[in-house]
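Engineer: Next comes the sequence, and after it the predicted model I'd like to discuss.
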Amino acid sequence: MQEVRETYIERIYELKQRKGYVRATDLASILNVKPSTVTEMLQKLSKEGYVHYEKYRVVDLTPKGLVLAQQLEKRHQAIKKLLMYIGVSEEIADKDACIIEHIISKESIEKIQDFAKKI
């Protein structure tokens, strides 16, 4: 559940930065899921305090959701930078970082972030 939550929050953050707004249909398209699946998850995220969501309106991150999105982005960029440093292509590093960022321990990501600042 945590990985799914984080994926939704990341995609909302990315879409908001790119388009200026986020609709549930945009998320369904990007995540390749049914709109009803997106609606269900947005309702859960709203109850947990990560998003502002009302049916047929744009979706927005709450301050709590924005903090998490920014943390996820930093993790992603640090992992991607490390992978590229050891010779992984940017495209593969980006894809792998998407996977790794959700399962890596807090201790490991802190060390990776420290190392990424040095390279």
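Structural biologist: Received the coordinates, thanks. Being a predicted model, the structure only gives us computed values, none of them experimental. Numbering: from 1, shown residues only.
Engineer: Kindly report the domain assignment for the protein.
Structural biologist: As given by automatic domain parsing, the domain ranges for the chain are 2-61, 70-118.
Engineer: Output the ones you listed in CSV; the columns should cover mean neighbour count and mean pLDDT.
Structural biologist: C-beta coordinates here come from the backbone N, C-alpha and C atoms, glycine included. What follows is these, written out as CSV (neighbours: other C-beta atoms under 10 Å; pLDDT from 0 to 100):
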stretch, mean neighbour count, mean pLDDT
domain 2-61, 16, 94
domain 70-118, 15, 93
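Engineer: What is the distance between whichever strand or helix holds residue 83 and the centre of its chain?
Structural biologist: Here residue 83 sits within helix 63-85, counting by DSSP states H and E. On the basis of C-alpha atoms, centre = their mean, to the nearest Å, helix 63-85 sits 8 Å off its chain's mean C-alpha point.
Engineer: what's the answer for stretch 111-119, then?
Structural biologist: Worked out by C-alpha atoms, centre = their mean, stretch 111-119 lies 20 Å from the chain centre.
Engineer: Okay, helices next: where are they in this structure?
Structural biologist: Secondary structure of the chain by DSSP state H: the helices cover 2-19, 24-31, 35-47, 63-85, 90-103, 106-118.
Engineer: Tell me what angle the fifth one forms with helix 106-118.
Structural biologist: The directions of helix 90-103 and helix 106-118 differ by 150 degrees, with axes from the mean of the first three to the mean of the last three C-alpha atoms, to 10 degrees as the criterion.
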